[in-house]
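> pasting the sequence and the predicted model now:
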Amino acid sequence: MAHNCTDIHDVLEKYYLSPMYAIEFCIGFPSNLLVVLGYIFCLPNWQSCNIYVFSLAVSDLIFLCTLPGLSYLYANNQSTSSPSACVINRYILHVNLYSSILFMVWLCMDRFLLIKHPTRNHYLQRPQTAVIVTALSWLAVNVEIAPMIALMVQDLHNANYSHCTDFANLKGDVHTLGYSLGLTLTGYILPLFALCGFSYQIAHLLRVQERALQRRSTSYKRPLKVVASAAAMFLILYTPYHVLRNITIASWQVWRGMTQCPKKYIEALYILTRPLAFLHSVINPVFYFLMGDKFRELLFTKLRKLVRMKEQQRQPA
């Protein structure tokens, strides 16, 4: 147990972050792996939506592979014997953080276009366009996160390459607070506005269709619920993390006159938000199944066949 404010940081990292990351890996890895394998082996014809879902699932799967390392790291007070693994883990973590919401924006855009153009005659609904958008998205996110490599390397150098520090506590030539605020704006706030915008546009289209057809269309209600749920998920999971991350950095760099205990309490709150932010990788598979009827049917058909084959093999000849 923590006896004073200086102990809170270490206690939360060891007894909160470490088990939380382990739990998220155990739940999220199998479900995302199932989606990735299902797309590879069960889906013969890919549409634009499938490309975005697959990219999101791959991003989540790669990120989830870093969680056992992070769990071990926090269980051992952030001491690291591999500086390169520290940089790679942190880099993947933040690439996933901002690629996830970006790919969800494209998924919601696809749902909006599906209602507006049910025959899929819009150029943004073409698989070739989706591949280009996906590639540009990966490029944009990696460019956004690239300055963090310099920060992490400088911080590791200052710590004699023995301490793997979280983003909010990095120290280097890059202005951490300005960089964090820029990431918050471009990587989170703008995509969140896009998600909310697509929710509004889908709701508007549905109201127009209802007035024109004089009946309720239940088949098109689900895309609205999916898009609105995605926006709500990122709002709930990401907002506390980004607010507390920026406040934590400001408490060390801008409000230097603040006493030690308030700084530690702010950092403790920030630590509490981190597993919450990364929980999206566990929840995302729910959206994958809701967004693709054909994928869900094909996957369940494949799984039923595999179960039947196993049962037949167990039966005596």
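Ah, there it is.

> pull out the buried positions in stretch 153-171.
Using 16 or more other CB atoms under 10 Å as the test for burial, stretch 153-171 gives 153, 155-156, 159, 161, 163-170. C-beta: built from backbone N, CA, C; applies to glycine.

> which SS class is the closest residue to Ser229 other than its chain neighbours?
Spatial nearest neighbour of Ser229, excluding adjacent residues (CB to CB, 6 or more residues apart in numbering): Phe287 at 7.5 Å. The three-state label given to Phe287 by DSSP: H, G, I helix; E, B strand; the rest coil is helix.

> next, format the buried residues of stretch 153-171 as TSV and append distance to Arg304, secondary structure and pLDDT.
Below are the buried residues of stretch 153-171 laid out as TSV (distance: CB to CB, whole Å; DSSP: H, G, I helix; E, B strand; the rest coil; pLDDT from 0 to 100):
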residue	distance to Arg304	secondary structure	pLDDT
Val153	50	helix	91
Asp155	51	helix	87
Leu156	50	helix	88
Ala159	53	coil	82
Tyr161	52	coil	83
His163	50	strand	82
Cys164	45	coil	83
Thr165	48	coil	84
Asp166	44	coil	87
Phe167	44	helix	90
Ala168	47	helix	88
Asn169	50	helix	85
Leu170	49	coil	86
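
> and stretch 44-63, which residues are buried?
Taking 16+ other CB under 10 Å as the criterion, stretch 44-63 shows 47-63 as buried.

> I'd like the average pLDDT over that stretch.
When pLDDT is averaged over stretch 44-63, the result is 89.

> swap in stretch 80-89?
On average, stretch 80-89 scores 84.

> touching it from outside, list them.
Thr66, Gly69, Leu70, Leu73, Ile149, Met152, Val153, Leu156, Tyr161, Ser162, His163, Cys164 (CB atoms under 8 Å, 6 or more residues apart in numbering).

> and stretch 67-86, how far apart are its ends?
12 Å (CA to CA, to the nearest Å).

> pretty sure Gly172 is in a helix, no?
No: read with three-state DSSP, Gly172 is coil and lies in no helix.

> next up, the contacts around the closest residue to it other than its chain neighbours.
Closest residue in space to Gly172, ignoring its immediate chain neighbours: Gln154 at 3.4 Å, by CB to CB, 6+ apart. Residues near Gln154 by CB under 8 Å, 6+ apart: Leu170, Lys171, Gly172, Asp173.

> that older thread, distance to Leu181 added to the buried residues of stretch 153-171, as TSV?
Converted to TSV, these look like this (distance: CB to CB, whole Å):
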residue	distance to Leu181
Val153	22
Asp155	19
Leu156	23
Ala159	25
Tyr161	28
His163	25
Cys164	24
Thr165	19
Asp166	17
Phe167	13
Ala168	12
Asn169	16
Leu170	14
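
> out of these, who's nearest Tyr200?
Closest approach between the buried residues of stretch 153-171 and Tyr200, by CB to CB: Phe167, at 32.2 Å.

> you'd agree that closest one is up against Ile145?
No: assessed by CB atoms under 8 Å, Phe167 is found out of contact with Ile145, at 10.0 Å.

> mutual contacts of the two, please.
Taking CB under 8 Å, 6+ apart as the contact rule, Phe167 and Ile145 both touch His94.

> how about the helices in the stretch 201-317 of the chain?
Remark: helices assigned in the stretch 201-317 of the chain by DSSP state H, counting those that start in this stretch are 221-253, 260-278, 280-291, 293-314.

> pick the most buried one from these.
helix 280-291 (a mean of 20; mean count of other CB atoms under 10 Å).

> state the mean pLDDT of that helix.
79.

> tell me what angle that helix forms with helix 260-278.
30 degrees (axes from the mean of the first three to the mean of the last three CA atoms, to 10 degrees).

> off-centre distance for helix 280-291?
For helix 280-291, the separation from the chain centroid amounts to 11 Å (computed by CA atoms, centre = their mean, to the nearest Å).

> which residues touch that helix?
Outside helix 280-291, the residues touching it (CB under 8 Å, 6+ apart) are 24, 27-28, 31-32, 34-35, 49, 53, 56-57, 60, 63-64, 96, 100-101, 104, 107, 111, 222, 226, 229-230, 233-234, 237-238, 295-296.

> format the CA atom coordinates belonging to that helix as PDB.
Taking C-alpha atoms only, helix 280-291 is exported to PDB below (Å, rounded to 0.1, in the frame of the first residue of the first chain):
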ATOM      1  CA  HIS A 280     -11.000   0.000 -27.700                       C
ATOM      2  CA  SER A 281      -8.900  -2.900 -29.100                       C
ATOM      3  CA  VAL A 282     -11.000  -5.200 -27.000                       C
ATOM      4  CA  ILE A 283     -14.300  -3.600 -27.900                       C
ATOM      5  CA  ASN A 284     -13.600  -3.100 -31.700                       C
ATOM      6  CA  PRO A 285     -14.400  -6.700 -32.700                       C
ATOM      7  CA  VAL A 286     -18.000  -6.100 -31.700                       C
ATOM      8  CA  PHE A 287     -18.200  -3.400 -34.400                       C
ATOM      9  CA  TYR A 288     -16.600  -5.800 -36.900                       C
ATOM     10  CA  PHE A 289     -19.400  -8.300 -36.500                       C
ATOM     11  CA  LEU A 290     -22.100  -5.600 -36.500                       C
ATOM     12  CA  MET A 291     -20.800  -4.000 -39.700                       C
END
